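# Here's my sequence, what's the structure:
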Amino acid sequence: MLRRIAALGRRRAGSDHGGVAAILAVLLSGGVVLGMSALVIDLGQLYVEREQLQSGADAASMKVALNCANNSISCSSALQSPVAVAYAKKNAKDGQADAQICLSGTTCPTWNTAVTCKPLRTPAPGQSIGNWVEVRTTTVTSTGSTLFPPTFAGALAGGNYKGKQVGTCARVNWGPPAVDKVFALGISMCDWKRMTSNGSTFYGPLDTLLSQAGLYSILGLTKPAVGADSAIPQAAALNALGLPIPSCTTPVIDLTEPRGYVWLHHPDLTPPDSNCMLSLKIGDKPRGFLLSGLTIGNTCVQKLAAVRGGPPILVPIFDEISPALVSLAPEYRVAGFAPFVVTGYTSLLPGVVGAVGSLLSGGLLPAVANILCGLSACIYGYFTRTLVPKAAPVFGTGPNFGATVIGRTG
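Now for the predicted structure:
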């Protein structure tokens, strides 16, 4: 009985011989296998082309955004479009690609592709989307065609299929950060303009080292102009309009221009927190206080000493004092926020804290410093620029005083 079952199994197994070959022959004769192979190869090439174009769009959008963040004058479609095209080509294996850019929605071209970037999230109150650049890259062949050609599909389709357009998109935003808390040290817009030549000169002691290392060129940033730290007098109640030395408004000295620094309180005169930090936004009017050196000066001076020489602290910049005349606790209107490096301070608490010299040599004319800081407590320092990359950037409103966040948003 067992022998009969075994024999039956052998006959059934033998009857399948040649079945696979027959099926394969049918598939080959019908072109199914060749068609599937062509589909796999051509789709794979399309995916590779798309990845190369996406890499080009990512690189181009970041490069253009860095250029614009570094120099707003050069931030135009005419100047930055060639940059985007160059980066798109560098990321294409065959060196062929095209790119178009749109800057903050004001210079959008007629796009060569319908591919769009994902929409930006809606800013919360007091926030903005900042500035942005959108780059779209598309296929260009050596013959000038905008269609990515097939390898097999064209022949299988009888020559009617000429290829497919491939397009990608990338977006990068940059702008002033949305501020949560800042150091409770208000500095006048007048002093910011004086010390930065109206936003064109920023100084740091590592400029020479960074220049020699070539980091500025690697980052695509212009080397900062040579500068120096400076003294900022205290804007106390009796000199809330500031001192004329050094003048913020040369060659004409305008004493109505608010100047100096001030320790700030909340609008209800509650002091800053234990880290000398305040929650502020642009347009707020925190208060100064005649006796601030005695009420919060000790805590804030200790924090100031801890950051002397760096890293930069984010400070509010004020452009109005009200009332402008003598007041025990005037209001200081916040115009924006700037990164500031403290290099020294003098007589912040008379009789308690002695003078501490500037960390930078040769930054001030001794005669000017003596006159200025002999009449009022002074803070030494310089304004710098910061560029902070963030994965999910959140931007504030108002002008940019040197603090910039940048990140991919699409």
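# what sits against the closest residue to residue 331 other than its chain neighbours?
Distances taken as CB to CB, 6 or more residues apart in numbering put residue 285 closest to residue 331, at 4.0 Å, once the chain neighbours are dropped. For the C-beta atoms, the positions are set from N, CA and C on the backbone; glycine is no exception. By CB atoms under 8 Å, 6 or more residues apart in numbering, the residues touching residue 285 are 267, 322, 331-334.
# Where does confidence bottom out across those residues?
Of all the contacts of residue 285, residue 322 carries the smallest pLDDT score, 81.
# wait, isn't that one in contact with residue 288?
No. Applying CB atoms under 8 Å as the test, residue 322 and residue 288 come out as separate, 11.1 Å apart.
# can you list residues touching both of the two?
With CB under 8 Å, 6+ apart as the test, residue 322 and residue 288 both reach residue 330.
# quick one, which of the two is more surrounded?
residue 288 (26 against 12; other CB atoms under 10 Å).
# now whatever helix or strand residue 54 lives in: mean pLDDT?
In this structure, residue 54 sits in helix 32-70 according to DSSP states H and E. Helix 32-70 comes out with an average pLDDT of 76.
# Please apply the same query to stretch 134-150.
74.
# Check stretch 77-97 too.
91.
# What are the buried residues along it?
77, 80-81, 83-89, 91-92, 96-97 (16 or more other CB atoms under 10 Å).
# follow-up on the earlier one: so what touches whichever helix or strand comes after the helix holding residue 54?
Next helix or strand after helix 32-70 toward the C-terminus (DSSP H and E): helix 77-90. Contact with helix 77-90 is made by 53, 56-57, 59-61, 63-64, 67-68, 74, 95-103, 107, 109, 133, 135, 137, as judged by CB under 8 Å, 6+ apart.
# Which entries within those meet the buried criterion?
For the contacts of helix 77-90, buried by 16+ other CB under 10 Å: 53, 56-57, 59-61, 63-64, 67-68, 96-103, 133, 135, 137.
# got the residue ranges for the helices in the stretch 201-350 of the chain?
Using DSSP state H, counting those that start in this stretch, the helices of the stretch 201-350 of the chain run over residues 207-213, 215-219, 292-295, 297-306.
# Comparing these by mean pLDDT, which bottoms out?
Looking across these, the weakest by mean pLDDT turns out to be helix 207-213, at a mean of 43.
# So what does residue 71 have for phi and psi?
Phi and psi for residue 71, reported as degrees, to the nearest 10, are phi -150, psi 100.
# how near is it to residue 312?
21 Å (CB to CB, to the nearest Å).
# Show me which of the two is the more surrounded one.
Using other CB under 10 Å as the criterion, residue 71 and residue 312 rank with residue 312 on top: 21 against 13.
# Correct me if wrong: the more buried one contacts residue 337.
No. Under the criterion of CB under 8 Å, residue 312 makes no contact with residue 337, lying 11.1 Å away.
# Columns distance to residue 198 on top of the buried residues of stretch 77-97, output as CSV?
Converted to CSV, these look like this (distance: CB to CB, whole Å):
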residue, distance to residue 198
77, 26
80, 24
81, 29
83, 27
84, 30
85, 34
86, 32
87, 32
88, 36
89, 38
91, 38
92, 42
96, 44
97, 40
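# got a pLDDT number for residue 345?
78.
# One more: residue 205?
Value listed for residue 205 in the pLDDT field: 46.
# Same check on residue 121?
72.
# what secondary structure does it sit in?
Here residue 121 is recorded as coil under DSSP: H, G, I helix; E, B strand; the rest coil.
# Please report the distance of it from residue 260.
39 Å.
# In terms of neighbours, single out the busier of these two.
residue 260 (27 against 11).
# Need the nearest residue in space to the more buried one, chain neighbours excluded.
residue 235 (3.2 Å).
# What separation do you get for the one you found and residue 321?
7 Å.
# Is it correct that residue 266 is in contact with residue 288?
No. Between residue 266 and residue 288 there is no contact under CB under 8 Å: 11.6 Å.
# orientation of the strand ranked longest in the chain relative to helix 297-306 in degrees?
The residue-count maximum for a strand in the chain (DSSP state E) belongs to strand 331-346. Here strand 331-346 runs at 60 degrees with respect to helix 297-306, directions being taken by axes from the mean of the first three to the mean of the last three CA atoms, to 10 degrees.
# which helices and strands sit right next to strand 331-346?
strand 185-188, helix 297-306, strand 313-322, strand 378-383, strand 403-408 (3 or more CB pairs under 8 Å, 6 or more residues apart in numbering; DSSP states H and E).
# Thanks a lot, see you next time.
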